[in-house]
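Chemist: here is the input, now give the coordinates:
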Amino acid sequence: MLVVEPDEERVVAAQEVGLEVKAVELAAGLSRCSLVLDASPAAAIIDTDDLLPGTIAAVPGLPSAFTPAAQAALGARHIHEPLAIGVAVMAVRAVL
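Modeler: Below is the predicted model of the structure:
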């Protein structure tokens, strides 16, 4: 699993509880992943140039980190349900 986290304190905190987290730049992370769980509070920071062929984006919250153009390019692969971000956090914790 690859996690993109710009906050060094959060990276350290995740590592301290045993998660294998490596800090990488967003573009570098996206270039290696075709399944993206968007748990970002930032809007429209992922554009069409960031998508791999066949990228699937799970976006359980608002706003979507994907630009309108990226959402259109993804089509049905932009799986979006405007749930509270707490649900996204619970989903990630369930997978880990």
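
Chemist: right, and residue 2 touches residue 22 too?
Modeler: Yes. Counting by Cβ atoms under 8 Å, residue 2 does reach residue 22; the two are 7.0 Å apart. For every residue, glycine as well, the C-beta is placed using N, CA and C.

Chemist: tell me where the protein has helices.
Modeler: For the chain, the helices defined by DSSP state H occupy 8-16, 26-30, 68-74, 85-95.

Chemist: turn the ones you listed into TSV, including mean neighbour count, distance to residue 47 and mean pLDDT.
Modeler: Below are these laid out as TSV (neighbours: other Cβ atoms under 10 Å; distance: least, Cβ to Cβ, whole Å; pLDDT from 0 to 100):
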stretch	mean neighbour count	distance to residue 47	mean pLDDT
helix 8-16	12	24	88
helix 26-30	15	10	91
helix 68-74	16	5	98
helix 85-95	12	21	66
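
Chemist: quick check: residue 63 touching residue 39?
Modeler: No. In this structure residue 63 lies outside contact range of residue 39 using Cβ under 8 Å: 11.9 Å.

Chemist: more crowded one of those two?
Modeler: Comparing residue 63 with residue 39 by other Cβ atoms under 10 Å, the one with more neighbours is residue 39, at 18 against 14.

Chemist: check the spacing between that one and residue 59 real quick.
Modeler: Separation of residue 39 from residue 59 (Cβ to Cβ, to the nearest Å) stands at 9 Å.

Chemist: again, but for residue 40
Modeler: In terms of Cβ to Cβ, residue 40 sits 9 Å off from residue 59.

Chemist: and what of residue 48?
Modeler: 16 Å.

Chemist: and those two? which has more neighbours close in?
Modeler: Neighbours per residue, other Cβ under 10 Å: of residue 48 and residue 59, the larger number sits with residue 59, 23 against 13.

Chemist: quick one on the thing from earlier: how about a markdown table for the helices of the chain, with distance to residue 54 added?
Modeler: Below are those laid out as a markdown table (distance: least, Cβ to Cβ, whole Å):
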| stretch | distance to residue 54 |
| --- | --- |
| helix 8-16 | 28 |
| helix 26-30 | 13 |
| helix 68-74 | 10 |
| helix 85-95 | 20 |
